[in-house]
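**Student:** structure for this input, please:
(3 chains)
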Amino acid sequence: MLSLTILQGAVLLTSTLVVVALILNIWRMLRGPDITDRILALDTLYINSIALIILLGLYNGSALYFEGALLIAMLGFVSTAALCKYLLRGDIIE
Amino acid sequence: MKRWLPMPLHTLLLLLVWLLLNGFSAGHFVLGGFLAWLIPLLTAPYSDHQNRAGKPLVVIRYVLRLLLDIVLSNIDVARRVLKSNRSLQPGFVAFPLALQGDFPLTVLASTISLTPGTVSVDFSEDKQWLYIHALHITDEQALINDIKQHYEKPLQEIFSC
Amino acid sequence: MESVVHIIAAVLLLTGGFFVFVGSVGLLKLPDFFTRLHAPTKATTMGIGAILLASMVLTTMRDGRLSIHELVISLFLFITAPVSAHMLAKAALHRRVKLLDHSKNAQLAPKAAEQKTPE
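**Tutor:** Numbering: from 1, shown residues only, chains lettered A, B, ... in the order given. I've put the predicted structure just below:
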């Protein structure tokens, strides 16, 4: 099956690209310069990690990983919102 | 009817999403149906009146147009990112709003954030202006006209305001 | 039939991986905060969208029934991405983050921060 080999290659190549993207995000997160840059990098980091989890699910042929991806999507959004709220008001819950 | 089933559309949507996530079976139909009835009942007091969307055909055309623009904008942004960033001309634009109502404005702002090189930053207090940051501005007025023509007009039609 | 689906999924995966990568390159490379805001919020939604579409196609073929999980995730991301971009932009304006020197209409930034009208 040639097509299956191509697909497996595509999964591996995409995973590599996503992992490099994650490293670039961490670089930006460490470098700053402002705290909003760090939060933006964190936001991108979690979105990219969703991609990595989906790819892992494809590689292992399991549907269980979706629950994890959904959880990261929700928690990531809430944490970004909470961090921004903190910067804006100096308080998370008013 | 109104008292025991305050938001029928939400109930239907919740049930549908529950079934899509958990698979179609009798047990899930009962559990999902119960939750889809209970959650709108508990949350209805907190939701205020919003503009209702009409004209399903215009909505479908709007969504398709948006999806196409997302793809095009991504290619455009990817090209600008990979090229030398020296030639970039980023900047702010103040967009005069004709649209009214909180929900339609939210939809417009989200649409602007999702499409070609623009992010909506904030509204003015009187909701007459929307501040936009653009990655690359060549012609301010053309950008404003573009958004007016492609997004604001259809939204005015959809929410009839 | 199966091989056609495999090829489509492979193309979608590579497209998605490319956009995810470009988004992160933009995050690192662009000159100021507001320009950096553009790269991830756009390129990433598209990248994730394509990868999730590939996953949807493959899972649907494997299980023989429509798989919708992925659609829920991408819908969620498409709704939340503009909101977090907006909140980040608001926070940055509030903190008076330094703008690129030749930004157009830089005088609008403090007005937007205080939600005033432009004039």
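**Student:** drop to CA atoms for contacts and neighbour counts, all remaining ones
**Tutor:** OK.
**Student:** which ones are touching C:Lys98?
**Tutor:** When contacts are counted by CA atoms under 8 Å, 6 or more residues apart in numbering or on different chains, C:Lys98 touches C:Asp32, C:Phe33.
**Student:** quick one: it from A:Gly61, how far?
**Tutor:** For C:Lys98, the distance to A:Gly61 (CA to CA, to the nearest Å) stands at 47 Å.
**Student:** do C:Arg36 as well
**Tutor:** 35 Å.
**Student:** between the two, which has more neighbouring residues?
**Tutor:** When C:Arg36 and A:Gly61 are compared for neighbours, C:Arg36 comes out ahead with 23 against 13, by other CA atoms under 10 Å in any protein chain shown.
**Student:** tell me the confidence at that one?
**Tutor:** Looking at C:Arg36, its pLDDT reads 85.
**Student:** repeat that for C:Ala43.
**Tutor:** Per-residue pLDDT puts C:Ala43 at 68.
**Student:** for chain A, which helix extends over the most residues?
**Tutor:** Assignment by DSSP state H gives helix A:2-31 as the longest helix of chain A.
**Student:** quick one: buried residues of it?
**Tutor:** In terms of neighbour count (16 or more other CA atoms under 10 Å in any protein chain shown), helix A:2-31 has its buried residues at A:3, A:6-7, A:10-15, A:17-22, A:24-26, A:28-29.
**Student:** one more: stretch B:83-90?
**Tutor:** Buried, per 16+ other CA under 10 Å, within stretch B:83-90: B:Leu88, B:Gln89, B:Pro90.
**Student:** state the mean pLDDT of it.
**Tutor:** 77.
**Student:** keeping just the C-alphas, turn that stretch into PDB.
**Tutor:** Taking C-alpha atoms only, stretch B:83-90 is exported to PDB below (Å, rounded to 0.1, in the frame of the first residue of the first chain):
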ATOM      1  CA  LYS B  83       8.900  37.700   3.300                       C
ATOM      2  CA  SER B  84      11.100  40.300   4.700                       C
ATOM      3  CA  ASN B  85       9.200  42.100   7.500                       C
ATOM      4  CA  ARG B  86      10.900  45.500   6.700                       C
ATOM      5  CA  SER B  87       8.300  46.400   4.100                       C
ATOM      6  CA  LEU B  88       5.400  45.900   6.400                       C
ATOM      7  CA  GLN B  89       3.200  48.900   7.100                       C
ATOM      8  CA  PRO B  90       1.100  48.000  10.100                       C
END
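**Student:** low-confidence ranges, chain C, go.
**Tutor:** C:43, C:106, C:108-109, C:112, C:119 (pLDDT under 70).
**Student:** residue contacts, residue 48?
**Tutor:** Unless you meant another one, I'm taking chain A. With contact set as CA under 8 Å, 6+ apart, A:Asn48 has these partners: A:Val18, A:Ala21, A:Leu22, C:Val20, C:Thr44, C:Ile48.
**Student:** look at chain C instead
**Tutor:** A:Ile47, A:Asn48, A:Ile50, A:Ala51, C:Gly16, C:Val20, C:Ser74.
**Student:** in what helix or strand does it lie?
**Tutor:** Assigned by DSSP states H and E, C:Ile48 belongs to helix C:45-63.
**Student:** that helix versus helix A:2-31: what angle between them?
**Tutor:** Per axes from the mean of the first three to the mean of the last three CA atoms, to 10 degrees, the angle that helix C:45-63 makes with helix A:2-31 is 150 degrees.
**Student:** now the element after helix C:45-63, going C-ward?
**Tutor:** Heading C-terminal from helix C:45-63 (DSSP H and E), you reach helix C:69-94.
**Student:** number of residues surrounding the closest residue to C:Lys111 other than its chain neighbours?
**Tutor:** Among residues not flanking C:Lys111 along the chain, C:Pro118 sits closest, at 6.5 Å (CA to CA, 6 or more residues apart in numbering or on different chains). Other residues near C:Pro118 come to 18 when the count uses other CA under 10 Å.
**Student:** show me what the helix or strand hosting B:Asn74 is packed against.
**Tutor:** If you go by DSSP H and E, B:Asn74 is part of helix B:56-82. If contacts are counted by 3 or more CA pairs under 8 Å, 6 or more residues apart in numbering or on different chains; DSSP states H and E, helix B:56-82 sits against helix B:153-159, helix C:2-29, helix C:33-39, helix C:45-63.
**Student:** do I have it right that C:Val20 meets A:Ala21?
**Tutor:** Yes. If you go by CA atoms under 8 Å, C:Val20 and A:Ala21 touch, sitting 6.9 Å apart.
**Student:** circling back to that earlier point, so of the helices and strands packed on helix B:56-82, which one's packed in deepest?
**Tutor:** Of all those, helix C:33-39 has the most neighbours on average by mean count of other CA atoms under 10 Å in any protein chain shown, namely a mean of 26.
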